[in-house]
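Peer 1: got a structure for you, letters missing:
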């Protein structure tokens, strides 16, 4: 559908594809075997400009927008979702939080290094008992002591927490105030004690980029690293995270496309009774389902991305895109793995780990069931999904003054 997208999108896809084929694919298996984070590849991706699509040039971005960001995410995930696991931390959630809530000085201190790949990012919100009620059930607390906060508690599924140089942590500063007691902080784990990130064993996901259980014991954060005022955490989170549904949905489309491509090759190569299995109608039926679902998901994702770029209402379409794309990735990966038979479980074939990543999208950046609730309540008229329009995109007018101030400082 590139013919309906901005003219630079095919060139962006080609650039990502060349980068993945020349820089990432030849070495990523080695990083996985060693369990080593590919920091040099992150720096190269940052130097190539792949992390800054939605940020202004004053902080090291390219200001290409969310359509370009979706194309980048899709192509990275299509080529290797293991490396792509770092993308949201480098290009969306972590720098997005800082850009949305920090002072201009702190934005300039941290965001350019994240976008350039010089620092590894992280954003941690979820806790072990919170599930989709991340803010309401939050128990991690930051207590002010003079010019520092001391944070105590724990987080779960904190991706890259064992590698991060600059992260964002969301916790309670007033446990009695509900969502109004939530605050967000820039954290620097390599500068302050009390940060213990333990990688969680996972099935089929990357051994290079790990998701972690995070334990905080009087972990210190300078007061000037607080994002906004105390109690602004919920507002900042809603601004920074909602576009992430679109970029994660784009990654889901990329994984679904990779599964389809693997299935097409196998269906033509695998011969039974003298014929490629692609000649059998049941295989053809599955392939038709896969092709149609991917096309529909891709159209939804880029519609949502265009809404973000043009500051149109986007929460509803982002939820639809996230739900459809994650469902598509799961369905396509399942059908593809079935075509491979027993080989679908062998690490000899990419489909084995692609299948694992398809499950991940059903949960990350808002579960499928939460998206269904948002979609249904909007349709029924119970709660308008786009009721907060104008506060959800880093390209919306509310950020014009920030961009101008940063441009002047730059």
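Peer 2: Ah, there it is. Owing to the predicted nature of the structure, the values given are computational and were not obtained by experimental measurement.
Peer 1: Could I get the contacting residues of residue 33?
Peer 2: residue 207 (Cβ atoms under 8 Å, 6 or more residues apart in numbering). The C-beta positions use only the backbone N, C-alpha and C, and glycine is treated the same way.
Peer 1: Next, residue 196: secondary structure please.
Peer 2: Following DSSP: H, G, I helix; E, B strand; the rest coil, we place residue 196 in the strand state.
Peer 1: partner residues bridging the nearest residue to it once chain neighbours are set aside?
Peer 2: Excluding the flanking residues, the one nearest residue 196 by Cβ to Cβ, 6 or more residues apart in numbering is residue 215, at 4.3 Å. Residue 215 has these beta-bridge partners by DSSP bridges: residue 154, residue 196.
Peer 1: So, low pLDDT: which residues of this protein?
Peer 2: Low-confidence segments of the chain (pLDDT under 70): 1-2, 132, 136, 389-410.
Peer 1: now the strands for it?
Peer 2: 121-124, 141-145, 148-159, 166-172, 182-187, 195-199, 211-222, 226-227, 271-272, 275-276 (DSSP state E).
Peer 1: For residue 30, find the nearest of those.
Peer 2: Between residue 30 and these, the tightest spacing by Cβ to Cβ is seen for strand 195-199, at 18.6 Å.
Peer 1: on that earlier part again, got the strands of the chain as a markdown table, with mean neighbour count and distance to residue 62 columns?
Peer 2: As requested, these are exported to a markdown table (neighbours: other Cβ atoms under 10 Å; distance: least, Cβ to Cβ, whole Å):
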| stretch | mean neighbour count | distance to residue 62 |
| --- | --- | --- |
| strand 121-124 | 29 | 17 |
| strand 141-145 | 16 | 34 |
| strand 148-159 | 20 | 24 |
| strand 166-172 | 28 | 20 |
| strand 182-187 | 25 | 23 |
| strand 195-199 | 18 | 31 |
| strand 211-222 | 19 | 28 |
| strand 226-227 | 24 | 24 |
| strand 271-272 | 10 | 47 |
| strand 275-276 | 12 | 44 |
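Peer 1: In JSON lines, list these along with distance to residue 363.
Peer 2: Formatted as JSON lines, the strands of the chain follow (distance: least, Cβ to Cβ, whole Å):
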{"stretch": "strand 121-124", "distance to residue 363": "15"}
{"stretch": "strand 141-145", "distance to residue 363": "26"}
{"stretch": "strand 148-159", "distance to residue 363": "9"}
{"stretch": "strand 166-172", "distance to residue 363": "18"}
{"stretch": "strand 182-187", "distance to residue 363": "21"}
{"stretch": "strand 195-199", "distance to residue 363": "18"}
{"stretch": "strand 211-222", "distance to residue 363": "11"}
{"stretch": "strand 226-227", "distance to residue 363": "25"}
{"stretch": "strand 271-272", "distance to residue 363": "36"}
{"stretch": "strand 275-276", "distance to residue 363": "36"}
